[in-house]
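> Below: sequence and its predicted model.
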Amino acid sequence: MKIERENQSRKLGVRGGTGFWPGNRPGQAGFTLAETMISIVIMATCFAGYIEGYILVANRAQMSAYSLAAHSLAQQGVESCRSAQWDTSIYPAIDYLQQSNFPNKILLLDVPTSGTNYVWATNFTTISTVSTSPPVRMVRVDTVWAYYSRGLFTNTAVTYRGPNQ
C-alpha cells in the first residue's frame, strides 16, 4: 500500500509534501522575473487609472459647486429686481426698476473655503424694455466667475416683469 502511494506521488509530481504541483519539476515551481515585472506594470496602470478618475471626479464636483453658487447669486440679483417697486396705476407713477438702481456687484461665491481660497464673482444686471403697451421689461443677471486657470464662466438668469398691480 505504501509503495502504491509513493508511485502515485511520483506520477503526480509530489515529493514528501513539499508542495509541487502535478507535472511540475523542482526547477519550474516559481514565477520568472519577466512575469513579475509585467504583473507589476499592469497593476500600476490600473492604480494610475483609479487615481486619475478620482482626481477628475473631484474637479468636476468642485466646478459644479462653483456653478451652483454662481447661479444662486444670479437668482438673488433677479429677486432684488423683482422686489423693486414699479407701479404705473398711480399718479405720479413709481418706477424703481431702472438700470441705474442696480449697479454691478462683486460678491463672494457661497462655497466651502479653508484659508484663502475665496472665489469672487461679479453680477451684471441688465434691464431692457420689451413692450410699452402693456408695459413689460426683461431683467437679465449675468454672474461671471473664474475657475482656476480654465478661464471665466458665466451663469445667467432671465425673467420678464410687469408693473405692480
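Yep, it's here. Being a predicted model, the structure only gives us computed values, none of them experimental. Numbering: from 1, shown residues only.
> okay, and for this protein, where does confidence drop off?
1-29, 165 (pLDDT under 70).
> Where do the helices of this protein begin and end?
If DSSP state H is used as the criterion, the helices of the chain fall at 2-12, 33-82.
> how about CSV for the ones you listed, with distance to Phe153 and mean neighbour count added?
Backbone N, C-alpha and C define where each C-beta goes, glycine included. As requested, the helices of the chain are arranged in CSV below (distance: least, C-beta to C-beta, whole Å; neighbours: other C-beta atoms under 10 Å):
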stretch, distance to Phe153, mean neighbour count
helix 2-12, 69, 10
helix 33-82, 7, 13
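> Asn164 is nearest to which of the ones you listed?
helix 33-82 (10.3 Å; C-beta to C-beta).
> Show me what that closest one is packed against.
With contacts taken as 3 or more C-beta pairs under 8 Å, 6 or more residues apart in numbering; DSSP states H and E, helix 33-82 sits against strand 120-132, strand 135-146, strand 152-161.
> mind checking how far the longest one is from the chain centre?
What separates the centre of strand 120-132 from the centre of its chain is 28 Å, taken as C-alpha atoms, centre = their mean, to the nearest Å.
> now swap in the second one and tell me
Its chain's C-alpha centre and that of strand 135-146 lie 25 Å apart, by C-alpha atoms, centre = their mean.
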